[in-house]
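Undergrad: only geometry, no sequence info:
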C-alpha cells in the first residue's frame, strides 16, 4: 500500500512539472527554469538563452 501511495505522489509531481513546462513553453518562455527568462538580453536580441551568448 505504501508503494502505491509513493508512486502516486511521484507521478503527481512529475505530471505537475510537465504541465508547468508545457504552459511556459506555450507562453513563449525559452528558458523555463531561468529567473531572467523574460528579461534575458540574448532573448531580446532574437537568440535563445544559453550557449555562448548566455547573458546571465
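TA: Okay, I see it. Just so you know, these numbers come straight off a predicted model, no measurement behind them.
Undergrad: need the helices for this structure, in chain order.
TA: Using DSSP state H, the helices of the chain run over 2-27, 41-44.
Undergrad: Comparing the ones you listed, which comes out most buried?
TA: With neighbours taken as mean count of other CB atoms under 10 Å, the helices of the chain reach their highest mean count in helix 41-44, at a mean of 16. (C-beta placed from N, C-alpha, C; glycine too.)
Undergrad: So residue 14 versus residue 34, what's the distance?
TA: Remark: distance between residue 14 and residue 34 (CB to CB, to the nearest Å) = 21 Å.
Undergrad: Repeat that for residue 9.
TA: Separation of residue 9 from residue 34 (CB to CB): 27 Å.
Undergrad: One more: residue 25?
TA: 13 Å.
Undergrad: Now tabulate the helices of the chain in a markdown table and tack on mean pLDDT.
TA: As requested, the helices of the chain are exported to a markdown table (pLDDT from 0 to 100):
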| stretch | mean pLDDT |
| --- | --- |
| helix 2-27 | 94 |
| helix 41-44 | 61 |
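Undergrad: For residue 29, give me the backbone phi and psi.
TA: Backbone torsions of residue 29, given as degrees, to the nearest 10, read phi -80, psi 120.
Undergrad: Make 52 the first number, not 1, from now on.
TA: Shifting the count to begin at 52 puts that one at residue 80.
Undergrad: Now do the same contact list for residue 83.
TA: Going by CB atoms under 8 Å, 6 or more residues apart in numbering, residue 83 touches 71, 72, 75, 76.
Undergrad: Need the nearest residue in space to the second one, chain neighbours excluded.
TA: Setting aside the residues directly before and after it, residue 72 is nearest to residue 83 in space (CB to CB, 6 or more residues apart in numbering), at 5.3 Å.
Undergrad: Equivalent analysis for the third one, please.
TA: Closest residue to residue 75 in three dimensions, ignoring its sequence neighbours and counting by CB to CB, 6+ apart: residue 83, at 4.8 Å.
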